[in-house]
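>>> How does the following fold in three dimensions:
(7 chains)
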Amino acid sequence: MGLLEGIDWSYLLTNAGIIILKLVGIIIAFLIVKAVGSRIVKKMFQRIQERDNISAQSLSLNILSYVLIFMFVVMVFEVFNYDATALLAGAGVIGLAIGFGAQGLVSDVVTGFFLLLEKQIDVEDYVTIAGFDGIVEQVGLRTTQIRGFDGTLHYVPNREITNVSNHSRGNMRALVDIGISYDDDIDQAIAVLQAVCDKFAAVDASIVDGPNVLGVQALGASDVVIRVLAKTENMKQWEVERNLRKAMKEALEANGIEIPFPHQVYVEKKSQ
Amino acid sequence: MGLLEGIDWSYLLTNAGIIILKLVGIIIAFLIVKAVGSRIVKKMFQRIQERDNISAQSLSLNILSYVLIFMFVVMVFEVFNYDATALLAGAGVIGLAIGFGAQGLVSDVVTGFFLLLEKQIDVEDYVTIAGFDGIVEQVGLRTTQIRGFDGTLHYVPNREITNVSNHSRGNMRALVDIGISYDDDIDQAIAVLQAVCDKFAAVDASIVDGPNVLGVQALGASDVVIRVLAKTENMKQWEVERNLRKAMKEALEANGIEIPFPHQVYVEKKSQ
Amino acid sequence: MGLLEGIDWSYLLTNAGIIILKLVGIIIAFLIVKAVGSRIVKKMFQRIQERDNISAQSLSLNILSYVLIFMFVVMVFEVFNYDATALLAGAGVIGLAIGFGAQGLVSDVVTGFFLLLEKQIDVEDYVTIAGFDGIVEQVGLRTTQIRGFDGTLHYVPNREITNVSNHSRGNMRALVDIGISYDDDIDQAIAVLQAVCDKFAAVDASIVDGPNVLGVQALGASDVVIRVLAKTENMKQWEVERNLRKAMKEALEANGIEIPFPHQVYVEKKSQ
Amino acid sequence: MGLLEGIDWSYLLTNAGIIILKLVGIIIAFLIVKAVGSRIVKKMFQRIQERDNISAQSLSLNILSYVLIFMFVVMVFEVFNYDATALLAGAGVIGLAIGFGAQGLVSDVVTGFFLLLEKQIDVEDYVTIAGFDGIVEQVGLRTTQIRGFDGTLHYVPNREITNVSNHSRGNMRALVDIGISYDDDIDQAIAVLQAVCDKFAAVDASIVDGPNVLGVQALGASDVVIRVLAKTENMKQWEVERNLRKAMKEALEANGIEIPFPHQVYVEKKSQ
Amino acid sequence: MGLLEGIDWSYLLTNAGIIILKLVGIIIAFLIVKAVGSRIVKKMFQRIQERDNISAQSLSLNILSYVLIFMFVVMVFEVFNYDATALLAGAGVIGLAIGFGAQGLVSDVVTGFFLLLEKQIDVEDYVTIAGFDGIVEQVGLRTTQIRGFDGTLHYVPNREITNVSNHSRGNMRALVDIGISYDDDIDQAIAVLQAVCDKFAAVDASIVDGPNVLGVQALGASDVVIRVLAKTENMKQWEVERNLRKAMKEALEANGIEIPFPHQVYVEKKSQ
Amino acid sequence: MGLLEGIDWSYLLTNAGIIILKLVGIIIAFLIVKAVGSRIVKKMFQRIQERDNISAQSLSLNILSYVLIFMFVVMVFEVFNYDATALLAGAGVIGLAIGFGAQGLVSDVVTGFFLLLEKQIDVEDYVTIAGFDGIVEQVGLRTTQIRGFDGTLHYVPNREITNVSNHSRGNMRALVDIGISYDDDIDQAIAVLQAVCDKFAAVDASIVDGPNVLGVQALGASDVVIRVLAKTENMKQWEVERNLRKAMKEALEANGIEIPFPHQVYVEKKSQ
Amino acid sequence: MGLLEGIDWSYLLTNAGIIILKLVGIIIAFLIVKAVGSRIVKKMFQRIQERDNISAQSLSLNILSYVLIFMFVVMVFEVFNYDATALLAGAGVIGLAIGFGAQGLVSDVVTGFFLLLEKQIDVEDYVTIAGFDGIVEQVGLRTTQIRGFDGTLHYVPNREITNVSNHSRGNMRALVDIGISYDDDIDQAIAVLQAVCDKFAAVDASIVDGPNVLGVQALGASDVVIRVLAKTENMKQWEVERNLRKAMKEALEANGIEIPFPHQVYVEKKSQ
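As a prediction, the model looks like this:
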């Protein structure tokens, strides 16, 4: 800045050749960079995902264009010996403001990129992310859409996705806790329940392993809690649990083993 | 700064030509940039949303004007060889202060832009955002207005909107859990409830799928819980649930199946 | 810095003319900027709000003055060829420290500006902001004052206000849930309650829509819950709810329909 | 840096005059700035608050002194053509470290300044700030002291104070909810309670408005809840509530209206 | 950088005098700054606290030494016309990394400084800070040690201390809530309790004010709650409360006023 | 910038030699740095983990390439005396944006590096990290995969892993709390339970130490709680606890010691 | 940058002497700094802790080496008049990225340094840090290992350690609250309990002070709570509490003082 003292009007005229050469050089560089940059952006988006909406790509291209145009203007200014500091300062403030706002967008895209690359979630998976349970409907670069079991469609910005719990990656567990009376014989109850389990294991094709009676899980306030565990095919765990509950309740009843209600001992004390 | 030693008074006079030329260049550049900038801002706002209030647009134009004027002043100063460092430093501090404050505003606009672009929420949708339930009344670039079911109008700055749960995107689920006595026959209860479901499926046009009895959802402290599930048209889920509850209660009653109150076993113990 | 080698004592004397000219230029620029700046600040505050306290405006003018004086000093220094880097560095540290502290103030003003501009809250509105319920007493550029229903005056810095829930923007909802016995006939209860509702709809001028009986909202542990809904004029919702509760309780009583106490089944078991 | 090539030993000697002149100029500037700065700091503190402890002021003056001394040293160095970059870099690191630590202090002072300026809290006020309830004992620039009702003295750094709930700014509300039996007549109960209220309104000078019976606030599990509301002089609300509770309980008793204990319906079921 | 073109080998030789002079000047400045800096650090630590461990002081001196040595090296490099940018950049990265880590340390010291200066806590005080209750054992510049009542020693970094609740700053409150039966006469109960209070006020030297019966604090589910309040000497509040509880329970018993157990009304309903 | 005044067209031609030399130097440096950099990245990844997916490595190499290419372009520009400030500014903005987004990625890798280096978790370990319980399936540089006990696969970004609780590092504790009646003799109960413990200690190979009866852990509302403690082989703790519960319940029963249900004293009071 | 105009090919040749001299100087400086730096790092690690793993030290040395090599490269470039700005900019971006990731590491080391220096925790201490209870197994510069009482090994990064609660620093408290009936005489109960305490004080060597009966701690819903307090040797508190509980329960029983079950008053009300 202020280093104009060596310049004179004749300079611009006598150096017309070099100035034009520089301008040509800048324009060529500009065109090359723009072409290459556009291609990289397009390729990047292409590689990741075809089904993604076009908006993110065109947005990236737009931003690239604006940055390149700005740089082009600055360089032309400099060739004519205008000091571009003021231009840079002004643009810096605006750029910073936009940058702050766009930070979230960049986080979304980076997280989305890895979600897709590492295939942590697929469409149709049953997942828990960002506190929402449901079936994945779409994984985009910016947002992921999850259909909750009550029908709600959740739009989750990818930056909100940190831990991913995918419930569609292998066999699931079916677990039933059932309480029997303190007066009943534990060994007999376990035998009855194991018999039910064995029958299920033989019949139900969606059961992969078990079910088995593990033993006394807790000495509750009013009942002795017996735990039964099975491994089932994915998404079959709830049905197996429902069937197990019904069968085990009926088996205990048939063998005269009580599933007790909450108990309370009443100590009487006369009046006041 | 301080590079004034090469300057002399005669310089300014003898170089009057080049100075005037530069000033003209700056003014032209200034006018072009202002015209182009205004157009970009206006176009950007136009494309997104016509119904939006004018304030955000005029604000953006205002800010653009101030930045351009400031840059214009700095460049004129430089043409006259005044060092503009002090000017820049002063403006930088003020700009930074305003920038910090405006950061939230930029976040609002960026989020609002994507809300509108991706059509995550529409006016009249029933949504849950930023902890508020309700019907969307207006989606603006800065704030979104939601009418709560109790009549309250919630103004939510867009930056507060991360996860969007839209309850108006497809069919919804109607779910009724109903408890029967441990003494009743589960198979009979399921048959009675399924009969009610089938009648509803035939009659109620707002039911898309089901209702169906899933089975024993839980062995409760005092009752065996049976779950019934249906898929309904959007916003009809509550009405279907209400009707199902009434019909199922009456059907169970008619068939002598008890919906039990909480049970407790009383063990008496004499005195103290 | 350190570029003093070209200077000599004679320079200052021989260039007295240009120095004086520069000083005059700086002073004129200083006065113009100050006048324009003050006017902008004043106008800005004027446009927004007349009732606002004067402190924020005079504070802004004060800060503006200090910044201008500092810039003036720096420029005078530079005219005399003193290097102002040290001055700038020292001022930068102090400025940064104050800037950090003032950041909250700027956030307050920016949020306050939008609160006023978009008229999200008005004096006398009943609102919920920053966790406080109450009637707005004053909306300032820096703080908003809310009078809680218990008489407490809450001072809320505007930056703490993100989501605004305004309960004075349209009709409100009156909602009464009433439980009837499992032994009573649901249809009859609904008929009785609807009759009460119809009477209210005819008489009560503050009811805009309804009240209507929606149906069985829940099968509770001891009662069947019926929901009644109405739309009322703003701030009348509580009175309507109170009147509805009284009338509905008396109507059910008159028709022999029980509002049941919590039930418990007790199963006796002898001794231990 | 490194621009020493133009210097020679003779330069320092031949330019002794200008160097001494510069030194004198710097010293004069230093003294003026110090005097003015000290005065501003003192005046600032004076204006705000006389009762404040002296420590904050002397701290500010100390910091000002250190900054000025440092700038003085840098300028002297530069006059002798030593490059002060290293000095600046070293000081910058130390300054930054202290700045980070002092950030909290600045926040304290800025918040304290506004607390005092806007008179949000006064000594002797009953307030809730930063989660503490109590009577304000002192409002300082850095900390506010609150005496909790259990005698504890809370020191709250001002930066922790965001929302201020001041319970000493106008009349307070006295609110009593009282439950009557489902078997009692609501109209009669309201009449009895209103009679109590009217007597209080006539007698108790600390009651500003009311008390009035609002109506049926809730249909509870075992009782019908009636709400009574009054407006009282500041800090009298608890006494009024206590007196109202006693009088209303006695009035209901005298009129044979029951304040019911929790109810439960017992359904007997034989054995198991 | 790169401004070496004006230098030549002869320069270094012919300017040996000025270089040696500069080196001497730098070394003298170095020694003076080190001496002064060490003294400031030592004095600062001395003024605050003698009992503090020596580690913080020697750490500060160490850091000061390293910074000075680094600046010394940079300046020597510059005298020999080596460009020190690379050195500065390298040191800057390391310095920044250490600075981030040390930020917490600086916060500790700044907070500790004010804790000691404003005497918010003293050794032997009973305080609540950072969620820990206990007796202060040591207040250091970096950490504060609190002995919990269960014997645990809590080390709290000073930066974790924001709000300080000091329970050893004046008289404390003793508060006893006691429930009487709905069937008992409130006036009589208050008279009995006040009699106990008066006896205590006369006898117990650790009671500063009261105790007094305030009145009916609440109409509980099963009892009418009466509140009694006293002001006691510091740390005597628990003993006074214990004594009051015992005396009041015995007084009520002696006067036939019941402290009721939880009540429940049971409504019998036959079978199902 | 703007320092072009000394340049002339002839310069470029006459200095063709030096320019070409510089270009060659830059290209050589570029190739060396690229080769060395690639090798470092590859070696780094190699050393840590062979099983890791290739994506992270190729990503790092990609980023390295882009940075080097950019630096190469800038240097070539400079050789031809184009000022690269604009280029740098433009790249800086883009770089910053990407940098913000990539920050999380770097955190992942750094944390992952230490997880692997310090072997805090191994595949097949049972751990609790980031709120998830389960068996480690894979530890990657970016994410760790944990298989929950219900079959869900949790993908945890390493940056989310702070505290690691590894349940597979040594013996585990089996703890059983068992309540006996207030009427039973504590000494006898302890003797009976210790006898069970001794039998287990003799028989069960998976018990490392104990089990032992510790004594009266609590005086509960309805029972005296006795605590029994053992040390078992890893992952055997649940089985041992289940077996202990069953055996201890049966032993107490056999010795006539009661495990009591919740007690309540009921005081009868006639009517109302 | 771009200041090459003064250079010519002959310069490099004619100045070969000075360039070689500079290179030698840089290499010597490089070797000295590397040697000194390595020694400082090693000494620093040595002084703190011998048992620490070598990884942190070698990591620090590695980082130091990379920084020095980079600085060496930059300086060599500059000697040959290549402008190193591009190099610096490129390295800066990479350095910043690594710096962000390493920030946590630096925090770990700084906190670890002070943990070790101030001996806040020792191996074998029973502590509560970062929410984990257990015995310290290892205190490292980066992580601290705590063995939970259930056998889990917790790895806590030092940065997560803020407040340290050390339960192995002096005597601990044994506290037993025991409830007696409202019908029993408080004085007698206190006498009985104090007798038990006195016997323990005489017999149990692990009791340092007390145990003493403090008095009536609370008037509970069904019992009068008496508090007993003792001071014991470290880690003996639980055993003393267990023994006290057993002895006090037996003493109360022997003296006919009841430990009451929860009470409830039953008010009968006929039918509905």
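>>> Span of stretch A:165-182 from start to end?
Terminal residues of stretch A:165-182 are spaced 39 Å apart (Cα to Cα, to the nearest Å).
>>> Which residue ranges of chain A form strands?
Assigned by DSSP state E, chain A shows strands spanning A:126-129, A:132-139, A:143-147, A:153-157, A:164-166, A:172-180, A:207-219, A:224-232, A:263-269.
>>> Just the pLDDT for the residue of the stretch 101-250 of chain A found nearest chain G.
Of all residues in the stretch 101-250 of chain A, residue A:110 sits closest to chain G, at 12.8 Å by Cβ to the nearest Cβ. (Each C-beta comes from the backbone N, C-alpha and C, glycine too.) For residue A:110, the model assigns a pLDDT of 78.
>>> do the same with residue A:28
At residue A:28, pLDDT is 75.
>>> go on, residue A:231?
93.
>>> That one and chain D, how far apart?
Note on residue A:231: its distance to chain D, by Cβ to the nearest Cβ, to the nearest Å, is 36 Å.
>>> Residue A:251 contacts residue A:192, correct?
Yes: if you go by Cβ atoms under 8 Å, residue A:251 and residue A:192 touch, sitting 5.3 Å apart.
>>> These two: which is more packed in?
residue A:192 (21 against 17; other Cβ atoms under 10 Å in any protein chain shown).
>>> Could you pull up the residues touching the residue of the stretch 51-200 of chain A found nearest chain D?
Closest to chain D within the stretch 51-200 of chain A is residue A:181: 9.1 Å, counting by Cβ to the nearest Cβ. Residues in contact with residue A:181 (Cβ atoms under 8 Å, 6 or more residues apart in numbering or on different chains) are A:223-224, A:257-260.
>>> of those, the lowest pLDDT goes to which?
residue A:258 (87).
>>> Tell me how far that residue lies from residue A:249.
11 Å (Cβ to Cβ, to the nearest Å).
>>> same deal with residue A:192?
11 Å.
>>> same deal with residue A:182?
For residue A:182 relative to residue A:249 (Cβ to Cβ), the value is 18 Å.
>>> How about residue A:151?
31 Å.
>>> What segments of chain A are helices?
A:9-14, A:16-48, A:55-79, A:85-117, A:186-203, A:237-254 (DSSP state H).
>>> Next, format the strands of chain A as TSV and append distance to chain G and mean neighbour count.
Shown next, in TSV, are the strands of chain A (distance: least, Cβ to the nearest Cβ, whole Å; neighbours: other Cβ atoms under 10 Å in any protein chain shown):
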stretch	distance to chain G	mean neighbour count
strand A:126-129	23	22
strand A:132-139	27	18
strand A:143-147	26	24
strand A:153-157	22	24
strand A:164-166	22	22
strand A:172-180	21	22
strand A:207-219	17	19
strand A:224-232	19	21
strand A:263-269	6	19
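>>> Would you mind telling me which of these is nearest residue C:229?
For those, proximity to residue C:229 was assessed by Cβ to Cβ; strand A:153-157 is nearest, at 26.5 Å.
>>> wait, does that closest one make contact with chain B?
Yes: with Cβ under 8 Å from any Cβ of the partner chain as the measure, strand A:153-157 is seen reaching chain B through A:153-157.
>>> What about residue A:131, how many residues nearby?
Quick note: residue A:131 (other Cβ under 10 Å) scores 9 neighbours.
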